[in-house]
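K.L.:
model the following, please.
(one chain, ligands or ions: 1)
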Amino acid sequence: MSDAAAVPVNLEARRADGVLHVAWPDRTHDFPFVELRGSCECAQCVNEWTGERILDPATIPADIAIESMELVGAYAVRVRWSDGHDSGLFTWQRLRELAGG
Ligand SMILES: [Zn+2]
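P.N.:
Model (predicted):
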């Protein structure tokens, strides 16, 4: 898959359903907020050197939600979560991987 194919045509935080809806040219995927929050790979959530996950998924509130999203360049989205966490980026490639490729 080329990088271009990983670029979403739509991103929608659907708080009523508790999912981030992502549409690509060829398909769509709904990411449950809790799973997406637990997949954050920023330096606060994952040890940059060892790759060990610092964030304990059990500490993620069950009602976690996306407060806002901001595009970063043309390659990623920065998510502001309802738990105050806003340092994580999800690149288009990463979202596609999390969606199963
Ligand atoms: Zn993080």
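
K.L.:
check which helix or strand Leu11 maps to.
P.N.:
Per DSSP states H and E: Leu11 is located in strand 10-14.

K.L.:
give me the buried positions along that strand.
P.N.:
Applying a neighbour-count criterion of 16 or more other C-beta atoms under 10 Å, one finds Leu11, Glu12, Ala13 buried in strand 10-14. The C-beta positions use only the backbone N, C-alpha and C, and glycine is treated the same way.

K.L.:
nearest to Thr91 among those residues?
P.N.:
Nearest to Thr91 among the buried residues of strand 10-14 is Leu11, at 12.6 Å by C-beta to C-beta.

K.L.:
measure the closest one to Asp26 for me?
P.N.:
Distance, Leu11 to Asp26, by C-beta to C-beta, to the nearest Å: 16 Å.

K.L.:
try Arg78
P.N.:
25 Å.

K.L.:
also Leu71?
P.N.:
For Leu71, the distance to Asp26 (C-beta to C-beta) stands at 21 Å.

K.L.:
ok, now which ones touch the residue nearest to Val9 when sequence neighbours are not counted?
P.N.:
Nearest non-adjacent residue to Val9, counting by C-beta to C-beta, 6 or more residues apart in numbering: Ala23, 5.2 Å away. By C-beta atoms under 8 Å, 6 or more residues apart in numbering, the contact set of Ala23 is Pro8, Val9, Asn10, Leu11.

K.L.:
ok, which pair from these is furthest apart?
P.N.:
Val9 and Leu11 (8.8 Å).

K.L.:
how much space between the residue nearest to Ile60 when sequence neighbours are not counted and Trp81?
P.N.:
Closest residue to Ile60 apart from its sequence neighbours, by C-beta to C-beta, 6+ apart: Arg37 at 5.2 Å. Going from Arg37 to Trp81 by C-beta to C-beta gives 6 Å.
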